[in-house]
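Asker: here is a sequence with its predicted model. Questions after.
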Amino acid sequence: MHEEEIEPTELIRAKQYVYRILNIRLRSCKEIEDKLAKRNYSKSVIKQTLKYFHELALINDQQFARLWISSRLNKPYGINRIKAELKRKGVNPEILENEINIVFKNYDEINIINQLIAKKNKQYSKLSPDKQKQRLYAYLIRRGFSQNSIIETINKLQ
């Protein structure tokens, strides 16, 4: 069988698999491509399957990025973590930057950091002030907030 010859049942199985994973959650084109490759589908089957889902508008990296960003902001995560996750998921850097700029126009990072600090203060109340600041800093960095915003906010504490 040549690379161009595609087994119809293999193409059907690939499409069914993509329908199943898209039913769980929206995915980037790269995620779907990787999942199909991991299941040992040929490059031509992967290419045709992706084309099929693009034509149906079921794969759309711009829509995926927008939904991913809004879901991560509800957690809340910072811009750095969201960018890293989307890069890892294979979203085009141009789409990523465009969607980040749209969503983060009215984003108040300092306010969100203050809310997270208020939640964590009870948990860290028995620690020394220096240890509290260290833990808060590490926690906020892991959540993807900018170093400058974190330092500015933590320095305002007592």
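Answerer: Sure, I can see it.
Asker: going forward, measure contacts and count neighbours with C-alpha atoms only.
Answerer: OK.
Asker: got the domain boundaries for this protein?
Answerer: 8-59, 62-106, 109-155 (automatic domain parsing).
Asker: how about the ones you listed in JSON lines, adding mean pLDDT and mean neighbour count?
Answerer: Below are the domains of the chain laid out as JSON lines (pLDDT from 0 to 100; neighbours: other C-alpha atoms under 10 Å):
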{"stretch": "domain 8-59", "mean pLDDT": "95", "mean neighbour count": "15"}
{"stretch": "domain 62-106", "mean pLDDT": "93", "mean neighbour count": "16"}
{"stretch": "domain 109-155", "mean pLDDT": "93", "mean neighbour count": "15"}
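Asker: helices or strands up against the helix or strand where residue 98 lies?
Answerer: Using DSSP states H and E, the element containing residue 98 is helix 93-103. Contacts defined by 3 or more C-alpha pairs under 8 Å, 6 or more residues apart in numbering; DSSP states H and E place helix 93-103 against helix 61-73, helix 79-88.
Asker: just put the ones you listed in a markdown table and tack on distance to residue 9.
Answerer: Formatted as a markdown table, the helices and strands packed on helix 93-103 follow (distance: least, C-alpha to C-alpha, whole Å):
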| stretch | distance to residue 9 |
| --- | --- |
| helix 61-73 | 27 |
| helix 79-88 | 31 |
